[in-house]
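Participant: Generate a structure from the sequence data that follows.
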Amino acid sequence: MSVRHAAASAANLALVAGLLALGACLGACAMSSPEIGARAGLGCVDDSPECISRRQATLRNMVDDRSKSWINESPTPEAYASGVRLFAYKTKKKELTCAELKRGKLEADTARTSLNSLGSRLTPAQVSRSAMLAAEVGRELQTEINRRCARS
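Facilitator: Prediction:
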C-alpha cells in the first residue's frame, strides 16, 4: 500500500468517524432539548424502538408536569394516534380537576373521529388500537367525572 493510499484511507476513516460522532450527538442532543424531549413522542406513530422511546419520554414529561400545561394544548391527530395524551389522562385522572376531566373526556371522544384524517399514514391495526384506547380512556374519565363532579 502506498503512502498516498494509506493517507487517503486514514482521512476517509476520520471523516466517517466524525460523521458518526455528529450523528450520535444530533440524536442525543435532540433528545435532550426541552422542545424535543417534552413533545417529541406526540407525532411519533410507528412502533420503532426510537419512536417508542420518544413516546415514553413525552409521557413522562407530561405526567411530571405539575402545571398540566399539556391539557391546554391543541392535540393533533398524530397525538391521538401515538396514544401519549390519552395515557397521560389515564395516568393523571385522579389528580385532575373536573374541568380537566371533562376536557380529557372530550378529547377521548374526538380522538376516534380525528384518527380518520390521517388516512394512509396509519395501518388499520394502529387505528383500531388507538380507537380502543380512546374508548377505554373515555369510559375511565366518565367514571371519574360521575364519581367526583357535580352534574350540571
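
Participant: quick one: the helices in the protein?
Facilitator: Remark: helices assigned in the chain by DSSP state H are 3-32, 34-39, 49-64, 77-82, 84-92, 98-114, 124-148.

Participant: If you average pLDDT over each of the ones you listed, which is lowest?
Facilitator: Note on those: lowest mean pLDDT is at helix 3-32, with a mean of 39.

Participant: Which residue lies nearest the spatial centre of the chain?
Facilitator: In the chain, the centroid-proximal residue (Cα atoms, centre = their mean) is residue 41; its distance is 2.4 Å.

Participant: how far away is that residue from residue 126?
Facilitator: From residue 41 across to residue 126, the span is 15 Å (Cβ to Cβ, to the nearest Å). C-beta here means a position set from N, CA and C on the backbone, and glycine is covered the same way.

Participant: Which positions within stretch 126-137 qualify as buried?
Facilitator: For stretch 126-137, the neighbour count (16 or more other Cβ atoms under 10 Å) marks 126, 127, 130, 131, 133, 134, 137 as buried.

Participant: Distance to residue 83 added to the residues you listed, as CSV?
Facilitator: Listed next are those as CSV, based on distance: Cβ to Cβ, whole Å:
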residue, distance to residue 83
126, 10
127, 12
130, 6
131, 11
133, 5
134, 9
137, 9
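
Participant: So which of the residues you listed is the closest to residue 109?
Facilitator: residue 134 (7.5 Å; Cβ to Cβ).

Participant: residues near the nearest residue to the closest one once chain neighbours are set aside, how many?
Facilitator: Closest residue to residue 134 apart from its sequence neighbours, by Cβ to Cβ, 6 or more residues apart in numbering: residue 111 at 3.9 Å. Residues near residue 111, counting by other Cβ atoms under 10 Å, number 24.

Participant: residue contacts, residue 111?
Facilitator: Remark: with contacts taken as Cβ atoms under 8 Å, 6 or more residues apart in numbering, residue 111 is in contact with 75, 80, 86, 130, 131, 134.

Participant: didn't residue 107 look like it was pressed against residue 89?
Facilitator: Yes: in this structure residue 107 lies within contact range of residue 89 using Cβ atoms under 8 Å: 7.1 Å.

Participant: more neighbours, the two?
Facilitator: residue 89 (25 against 21).

Participant: ok, now how distant is the more buried one from residue 133?
Facilitator: Separation of residue 89 from residue 133 (Cβ to Cβ): 10 Å.
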